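# After the sequence you'll find the predicted model.
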Amino acid sequence: MNAVTLPPPRAAGNISGAHLVAAALKRHGVREIFGQSIPSALFLAAPDYGIRQIGYRTENAGAAMADAYARISGKVAVVTAQNGPAATLLVPGLAEAMKASIPVVAIVQDVGRKFTDKNAFQELDHFALFGGVAKWVRRVADPARIDDYVDMAFTAAASGRPGPAVLLVPLDVLDERPDFQPDSPQRASRLGFFPLDRTAADPDRVAEAAKLIASAKAPIVIAGGGVHVSQATAELAALQALGIPVATTTMGKGAVDETNPLSVGVVGYFMAPGGRSSHLRDLVTGADVVLLVGNRTNQNGTDSWSLYPPHARYIHIDIDGNEIGRNYEALRLAGDAKLTLAALTAALEAVGAASFAARRPGLEARIARGRAEHAEDMKRLVDLDATPVRPERLMADIDTVLTPEAIVVADASYSSIWIANFLTARKAGQRFLTPRGLAGLGWGLPFALGAKTARPDAPVIAVTGDGGFGHVWSELETARRMKLPIVLVVLNNQILGYQKHAELTLFGDFTDVCHFEAVDHAAIARACGCRGIRIEKPADFLPALKEALGSGEVTVIDVMTDERAHPPVTSFQGKDALNY
């Protein structure tokens with residue numbers, strides 16, 4: 001493996017700490033950095049190393065872009081910020097990445113070393129600031145140690161359970177020109193991809209798990225987002241091919257091909273009537289052995305811990321041993337999902353599970369019947385030709401244009417549920433990005449821009465509510481300036497939908513701020529130099545969507561939707577307060 005040559009010819013004799021940072025990033029395969037103008041020294045040096053700056057408008061959006069970039073590319077993403085208020089705006093995005101196990105390196109310019117603890121301009125305790133949202137926070141104080149610290153940051157971000165790492169670089173370290181000896185040893189490691197180190201679970205426990213599954217009468221797999229992080233979809237498909245049904249969490253959506261006759265779909269807190277897997281609930285509740293893979297067993301994924309069967313035996317594969325047994329006592333398979341699933345499948349094949357083949361026709365028929373019953377429910381429950389437009393109609397239309405290569409991104413709240421429940425993963429590994437680590441509003445548009453940066457040839461469709469879109473309107477200009485043509489569908493119901501409906505469910509009333517004044521989001525798009533289309537009739541949406549996908553331009557489709565429409569959230573079931 002060859003080290004990066006330092007310095008590049010035209011910078012010889014003028015090497016600064018910023019050049020050393022850029023060279024280290026190049027060595028790790030970094031080709032894009034999400035950042036504003038600061039650290040200026042780094043961005044002025046970056047082009048010499050083939051690194052492109054993706055200039056966000058706000059740091060919170062930039063951190064979300066980096067998160068989505070990592071999820072799609074399989075590379076450690078890099079985002080930058082200035083010290084002080086800019087750094088504070090990185091916190092929400094890093095918190096999402098932390099909870100969702102996504103590797104992001106944040107490079108934060110800090111005050112000069114001589115000014116530390118003197119109340120310099122925008123000085124802040126960044127160690128305390130990032131302590132709860134990053135795996136690793138360090139400050140590099142010596143330009144000669146830049147390579148060391150960049151390597152440590154990438155190692156921390158990409159190893160074990162991935163997550164954010166924050167490297168604080170004082171301004172004068174970036175500007176300083178250290179002595180550079182061309183003949184001195186240079187680091188050559190490439191640490192910019194993840195998982196960085198793959199470890200398999202204990203073979204004895206894998207064998208024990210295989211025997212447990214082979215002897216089960218009704219086993220099921222529930223796969224989470226860790227399958228995508230581990231890039232283990234092929235291994236999960238091989239396990240499913242033995243005859244085991246597979247369900248996923250919202251973040252695990254796309255871990256298996258949802259057209260497979262043994263795919264249950266997304267299970268969790270939206271399995272009320274209208275939920276795609278609502279008629280398959282008993283495959284989860286009636287399971288005697290549950291294999292959890294990269295699954296945090298969090299509140300939404302387990303329907304407030306009411307969905308998973310209390311008396312089943314659990315087997316849990318996770319890279320983070322702390323997650324195993326957190327909510328369900330389990331046979332511990334601590335290790336990388338890809339390697340451990342492969343070992344488990346091999347062990348099952350060795351054990352021989354004839355019962356899988358015998359049960360398979362009945363299981364496939366059961367799942368097919370559940371899908372058909374859901375289709376009948378939709379005919380009964382939703383008028384797809386109604387106005388204001390029903391979100392279910394929009395999802396049905398989007399589903400007709402999705403290719404296996406398409407990426408669909410959602411904002412938090414209802415948007416994540418609409419795409420998880422009503423769109424179809426047509427191949428194992430297809431990506432549906434949802435910010436479910438913390439599920440904060442405003443990440444839909446920046447997630448789409450990060451995804452498009454990572455895979456510029458893939459069509460990217462983002463779904464957001466008007467509440468979430470209101471957080472990040474300014475990033476439309478980013479999309480246009482950085483030439484990132486995505487299609488953004490705004491569900492414009494002029495309310496905070498989940499908030500209003502949850503308050504009605506809990507209190508029979510809702511707070512004043514749930515309602516917005518009317519906003520023409522298509523006009524905002526046009527004011528930013530993007531295409532803006534306003535849709536009021538359901539029949540007009542699909543033609544507009546097809547045109548937008550073929551236009552090669554940033555397009556906002558602002559759809560006037562029914563404020564009473566809500567996804568099939570189980571806690572809403574039977575609540576008369578929602579029939580307003």
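Here it is on my side, so go on. Numbers count the residues shown, from 1 in each chain.
# Bridging across strands, which residues link to the spatially most central residue of the chain?
By C-alpha atoms, centre = their mean, the chain has its centre lying nearest to residue 433, at 4.6 Å. Taking DSSP bridges as the rule, residue 433 bridges to residue 409.
# Return the residues in contact with it.
Contacts for residue 433 (C-beta atoms under 8 Å, 6 or more residues apart in numbering) come out as 68, 71-72, 407-410, 447, 451. (C-beta placed from N, C-alpha, C; glycine too.)
# Tell me which two in the residues you listed are the farthest apart.
Across the contacts of residue 433, the longest distance by C-beta to C-beta is 14.3 Å; it joins 72 and 410.
# who's more crowded, the two?
Per other C-beta atoms under 10 Å, whichever of residue 72 and residue 410 has more neighbours is residue 410, with 30 against 23.
# quick one: that one and residue 433, what's the gap?
Using C-beta to C-beta, to the nearest Å, we find residue 410 at a distance of 7 Å from residue 433.
# Give me the common contacts of the two.
Residues touching both residue 410 and residue 433 (C-beta under 8 Å, 6+ apart) are residue 447.
# how about the strands of the stretch 51-200 of the chain, start to end?
Secondary structure of the stretch 51-200 of the chain (DSSP state E, counting those that start in this stretch): strands located at 52-54, 77-81, 104-110, 136-139, 164-170.
# mind giving me CSV with these and columns for mean pLDDT?
Putting the strands of the stretch 51-200 of the chain into CSV (pLDDT from 0 to 100) gives the following:
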stretch, mean pLDDT
strand 52-54, 97
strand 77-81, 98
strand 104-110, 97
strand 136-139, 98
strand 164-170, 98
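# what's the spacing between stretch 125-143 and its chain's center?
The chain centroid and the centroid of stretch 125-143 are separated by 24 Å under C-alpha atoms, centre = their mean, to the nearest Å.
# Quick one: end-to-end distance for that stretch.
End-to-end distance of stretch 125-143: 21 Å, with C-alpha to C-alpha, to the nearest Å as the criterion.
# ok, now stretch 468-488?
Taking C-alpha to C-alpha, the first and last residues of stretch 468-488 lie 12 Å apart.
# mean confidence score for it?
Averaging pLDDT along stretch 468-488 gives 97.
# Could you give me the buried positions within it?
468-473, 475-480, 482, 484-488 (16 or more other C-beta atoms under 10 Å).
# Inside strands: which ones of these?
487-488 (DSSP state E).
# quick one: contacts for residue 297?
Residues near residue 297 by C-beta under 8 Å, 6+ apart: 305, 308, 323, 326-328.
# how about these in JSON lines, adding pLDDT, distance to residue 191 and secondary structure?
JSON lines is the format used below for the contacts of residue 297 (pLDDT from 0 to 100; distance: C-beta to C-beta, whole Å; DSSP: H, G, I helix; E, B strand; the rest coil):
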{"residue": "305", "pLDDT": "97", "distance to residue 191": "37", "secondary structure": "coil"}
{"residue": "308", "pLDDT": "98", "distance to residue 191": "37", "secondary structure": "coil"}
{"residue": "323", "pLDDT": "97", "distance to residue 191": "24", "secondary structure": "coil"}
{"residue": "326", "pLDDT": "95", "distance to residue 191": "29", "secondary structure": "coil"}
{"residue": "327", "pLDDT": "97", "distance to residue 191": "33", "secondary structure": "coil"}
{"residue": "328", "pLDDT": "98", "distance to residue 191": "34", "secondary structure": "coil"}
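# Pull out the buried members of those residues.
Using 16+ other C-beta under 10 Å, the buried members of the contacts of residue 297 are 308, 323, 327-328.
# Looking at those residues, spot the one nearest residue 20.
Set against residue 20, the nearest of these by C-beta to C-beta is residue 323 (37.0 Å).
# Residue 330 is in contact with that closest one, correct?
No - with contact defined as C-beta atoms under 8 Å, residue 323 does not reach residue 330; the gap is 9.8 Å.
# Can you tell me how far residue 468 is from residue 177?
Distance, residue 468 to residue 177, by C-beta to C-beta: 45 Å.
# what about residue 188, how many neighbours?
Neighbours of residue 188 (other C-beta under 10 Å): 10.
# these two touch, right, it and residue 27?
Yes - Residue 188 lies in contact with residue 27 (C-beta under 8 Å); the separation is 7.3 Å.
# Near the closest residue to residue 163 other than its chain neighbours, how many other residues are there?
Excluding its sequence neighbours, the residue lying closest to residue 163 (C-beta to C-beta, 6 or more residues apart in numbering) is residue 135, at 4.4 Å. Residue 135 has 21 neighbours, counted by other C-beta under 10 Å.
# Could I get the contacting residues of residue 135?
Counting by C-beta under 8 Å, 6+ apart, residue 135 makes contact with 98, 156-157, 163-165.
# ok, which pair from those residues is furthest apart?
98 and 156 (11.9 Å).
# Mind listing the shared neighbours of those two?
Common neighbours of residue 98 and residue 156 (C-beta under 8 Å, 6+ apart) are 135, 163.
# can you give me the strands in the stretch 401-550 of the chain?
407-410, 432-433, 460-465, 487-492, 531-535.
# quick one: residue 315 and residue 289 touch, right?
Yes - judged on C-beta under 8 Å, residue 315 makes contact with residue 289 at a distance of 6.9 Å.
# between these two, what contacts are shared?
In terms of C-beta under 8 Å, 6+ apart, residue 315 and residue 289 are both contacted by the residues 212-213.
# Settle it for me: which of the two has more neighbours?
For residue 315 versus residue 289, neighbours defined as other C-beta under 10 Å are more numerous around residue 315 (28 against 22).
# Confirm that one sits in a strand?
Yes - using DSSP: H, G, I helix; E, B strand; the rest coil, the assignment for residue 315 is a strand.
# pLDDT score for it?
pLDDT, residue 315: 98.
# before we move on, what about the one 10 residues further on?
Per-residue pLDDT puts residue 325 at 95.
# for it, helix, strand, or coil?
coil.
# Pretty sure it sits against residue 316.
Yes - with contact defined as C-beta under 8 Å, residue 325 and residue 316 form a contacting pair (6.7 Å).
# who has more neighbours, those two?
Ranked by neighbour count (other C-beta under 10 Å), residue 325 and residue 316 place residue 316 first, with 26 against 15.
# now the more buried one: how far from residue 330?
Distance, residue 316 to residue 330, using C-beta to C-beta: 4 Å.
# intersection of neighbour lists for these two?
292, 324.
# hang on, residue 280 packs against residue 265?
Yes - when contacts are counted by C-beta under 8 Å, residue 280 is listed as touching residue 265 (7.0 Å).
# got any residues that touch both of the two?
With contacts defined as C-beta under 8 Å, 6+ apart, the residues adjacent to both residue 280 and residue 265 are residue 247.
# where's the nearest residue to residue 417 once chain neighbours are set aside relative to residue 515, distance?
Once flanking residues are discounted, residue 417 sits nearest to residue 567: 4.0 Å by C-beta to C-beta, 6+ apart. Going from residue 567 to residue 515 by C-beta to C-beta gives 20 Å.
# Looking at the two, which is more packed in?
Between residue 567 and residue 515, counting by other C-beta under 10 Å, residue 567 is the more crowded of the two (25 against 13).
# surely that one meets residue 271?
No - the criterion here is C-beta under 8 Å, and residue 567 misses it with residue 271 at 10.5 Å.
# quick one, what contacts the nearest residue in space to residue 400 that is not next to it in sequence?
With sequence-adjacent residues excluded and distances taken as C-beta to C-beta, 6+ apart, residue 400 is closest to residue 542, at 7.1 Å. With contacts defined as C-beta under 8 Å, 6+ apart, residue 542 is in contact with 397, 400-401.
# Narrow those to those in helices?
397, 400-401 (DSSP state H).
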